[in-house]
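Enquirer: 3D, please:
(4 chains)
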2 protein chains.
Amino acid sequence: MTNELPDELSFKRPKGEQLGEYLEEFGASLRPGTMLPSERALAERYGVARMTVRQELERLESKGLIYRVQGKGTFVAEPKFTQTQELTSFSEDMRARGMVPGSEVLSTEVAEAHEIVARELGLGVGDAIVRIERIRTADGEPMAYERAHLPAARFPGLESESLANASLYEILQSKWGVRFAQALQRVSVVTLNDEEAARLHVSVGRSAFLFERTTHATDGTAVEYVRSLYRGDRYQVATQLTRSP
Amino acid sequence: MTNELPDELSFKRPKGEQLGEYLEEFGASLRPGTMLPSERALAERYGVARMTVRQELERLESKGLIYRVQGKGTFVAEPKFTQTQELTSFSEDMRARGMVPGSEVLSTEVAEAHEIVARELGLGVGDAIVRIERIRTADGEPMAYERAHLPAARFPGLESESLANASLYEILQSKWGVRFAQALQRVSVVTLNDEEAARLHVSVGRSAFLFERTTHATDGTAVEYVRSLYRGDRYQVATQLTRSP
DNA sequence: GTGCTACGGTGGTCTAGACCACTGCGAAAG
DNA sequence: CTTTCGCAGTGGTCTAGACCACCGTAGCAC
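Expert: This is a model prediction of the structure:
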C-alpha cells in the first residue's frame, strides 16, 4: 500500500495546498518513524521554493502528522486518534472517526439574545437570534446534545431550513457564502442532570464534556455560539502541543 | 497603560522571536479589535523582511492572540482564558493562571515498564522506568493527581531528586539538558473513585479530566508519559481552532 | 440619489537565494 | 584502539523582492 508521490502540481490551486495533500497521503502510507524526503529534495522535485515546502510541513507538524528534528530530518509521526485544533463541524468530525453522523432536531426558533449569547456574538442584548437545538448522533446513537445560537439578521430564513440530516456548516457556506476561519473553544467537565442524561441515553450522574465554542468567519465576525454536551463514555479529544522558545 | 513598541532589535537572538515578544506585550495593552500596524509597516520599522514578520504573526494567531482578515488588517483578539496547545509544565500553567503551584510527592520509585508505558516511551516491556506520583496543588489546594513515567536509563539518579516544590521540567532541562519540543495529549472524562476523590479532596462520583500526555524532546525521543487527573470543578481548557482550506 | 468602477492598502502565496545550528559519520591524529 | 575534527546533509532563520485576492472608498456616470 505504499503510495507514490505524484510528480507534478496542477495550476489553478495554491501549490502549497496540493503539496500538503500529497504529503499527507504519502505519509499515511508509511510506517511511523520513516524519514520523509528532505525539504530541499521536495522543493526541487516539485519545482517549488523551499519556503513553500516548509510552510506546508509546518502545517502538517502542527496537525501532529509529522515531526522534524534539526540536523536529522522530517519523520512520520505516530498515527493520531482524532484531531482537535482543526475547526470541524460535527458531521466532518464523525466522518473522520469513521462513523455516520446524523441529527435529531428538537427545536428551531427565533429568540432574543440574552447576555452571554449577545457578548459572544457581538450583538446587543435582545437582538434576534436563531436557536437550534439538536441531538447529534453517530451511527444512530446519541453522541451529543447541542444548542447553537446564530445572529438572525445575518441568516434570514435559517429557522425554516431543514437540518434533519444536514450539516449546518454546509448550509451556511452554500446559502450565505460563509467561510469559517477560526474558533475559540472552552472545554469543561460536567455531571449530567436528569434531562440531559435522558437525551443522551445514559444514566443520571455520568460525566460529560461541555464544549463552548464561538466560531468566526474569515471576515472576523462571530457566526455562531454553540454549547454542546458530549457523552464522556464515547468521546475523547487529542491535542497536539508544541513548546515555544 | 498603552505600551510602546520598541524601535530596535538586539543582536544575538532571533529577530522574529524578539519581534513576537514585542507584539505580544503591545497587543496585550490594547483593546480587543484594535488594528495592529500592517505587515509591511512592521517590516520596515524593524528593518526586517516581511516574511519574518508574517511568521511571527502566524504564531500569535495560532495562540489566539490576534486574528487577520485579508484586505483589512491584523487585529487584537479577545483576551484568552488559558492556553492549551502550548506545551507547558503544571508549574508554568498555574503561574500563567495567577496561582502558586506546589507539589506533594507521594512516591518516587524505579519500576519495570508495563505494556502501555513501554509503548508510549519507545521502550521494551520490563525496562526500568522512574515513576513519580504527585499531588499537584494550586494556592495550596489539590488540583491534580499525577503519575509520571520516565525512562530510567536516560535519567540516572532522577528517583532521588527532590521534587517537593520543584518543576520536573526545570530539573530535566538543567540536569540533563532536555529541551522539550512537542507532545500528544489525549483528554477524556472520568468519574472519580474513592481513592482518587480522597486525594483530590472532593466527593466520590465527581467528574474529572483525565489527561494522558506523551512528551517528546527536540531529538524526537519520548521523554515522559504522564497520566493526570484534574479536578473538573476547578479546571477548564481553552483551545484555539483553525479551519484548513 | 444610485450604481459602477478604479485604486490604494491590506493580508496570502511564492521565489531564489543566503547563512546558521545541529547531527552523523568517516578520516585523521593520538 | 580511542579520540578528535572536519564535512556533508539536515532543518531553522532570514532576505528582498514579486504577484494575487480581497476590502473599503472616493469619484464618476447615470
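Enquirer: what about the strands in chain A?
Expert: Taking DSSP state E to define them, one finds strands in chain A at A:66-69, A:73-76, A:101-112, A:128-138, A:141-151, A:180-191, A:207-217, A:222-231, A:237-242.
Enquirer: Which strands and helices lie in contact with the first one?
Expert: Right, the one you point to is strand A:66-69. Counting contacts by 3 or more Cβ pairs under 8 Å, 6 or more residues apart in numbering or on different chains; DSSP states H and E, strand A:66-69 packs against helix A:50-62, strand A:73-76. All C-beta spots, glycine's among them, are computed from the backbone N, C-alpha and C.
Enquirer: and what of the third one?
Expert: Secondary structure elements in contact with strand A:101-112, counted by 3+ Cβ pairs under 8 Å, 6+ apart, are helix A:90-96, strand A:128-138.
Enquirer: how about the residues of chain A near DNA strand D?
Expert: When proximity is defined as Cβ under 7 Å from any atom of the strand, chain A approaches DNA strand D at A:36, A:38-41, A:50-51, A:54, A:57, A:68-74, A:218-219, A:245.
Enquirer: List only those of the residues you listed flagged as buried.
Expert: A:36, A:39, A:54, A:57, A:68, A:69, A:74, A:218 (16 or more other Cβ atoms under 10 Å in any protein chain shown).
Enquirer: now those residues in a markdown table, with pLDDT and distance to residue A:207?
Expert: Listed next are these as a markdown table, based on pLDDT from 0 to 100; distance: Cβ to Cβ, whole Å:
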| residue | pLDDT | distance to residue A:207 |
| --- | --- | --- |
| A:36 | 97 | 40 |
| A:39 | 97 | 44 |
| A:54 | 97 | 42 |
| A:57 | 97 | 38 |
| A:68 | 96 | 37 |
| A:69 | 96 | 38 |
| A:74 | 97 | 39 |
| A:218 | 92 | 36 |
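Enquirer: if we can go back for a sec, for the strands of chain A, which has the smallest mean pLDDT value?
Expert: Mean pLDDT is lowest for strand A:237-242 among the strands of chain A, at a mean of 89.
Enquirer: what does that one rub up against?
Expert: For strand A:237-242, contacts defined as Cβ atoms under 8 Å, 6 or more residues apart in numbering or on different chains pick out A:61-64, A:80-85, A:187, A:209, B:84-87, B:181-187, B:213, B:239.
Enquirer: do that again at 7 Å, thanks
Expert: Where contact means Cβ atoms under 7 Å, 6 or more residues apart in numbering or on different chains, the residues beyond strand A:237-242 that reach it are A:62-64, A:80-85, B:84-87, B:182-187, B:239.
Enquirer: CSV for the helices and strands packed on strand A:101-112, including distance to residue B:98 and mean neighbour count?
Expert: Formatted as CSV, those follow (distance: least, Cβ to Cβ, whole Å; neighbours: other Cβ atoms under 10 Å in any protein chain shown):
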stretch, distance to residue B:98, mean neighbour count
helix A:90-96, 33, 18
strand A:128-138, 34, 20
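Enquirer: Now tabulate the ones you listed in TSV and tack on distance to DNA strand C.
Expert: Converted to TSV, these look like this (distance: least, Cβ to the nearest atom of the strand, whole Å):
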stretch	distance to DNA strand C
helix A:90-96	20
strand A:128-138	25
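Enquirer: Show me the one of these that comes nearest chain B.
Expert: helix A:90-96 (10.4 Å; Cβ to the nearest Cβ).
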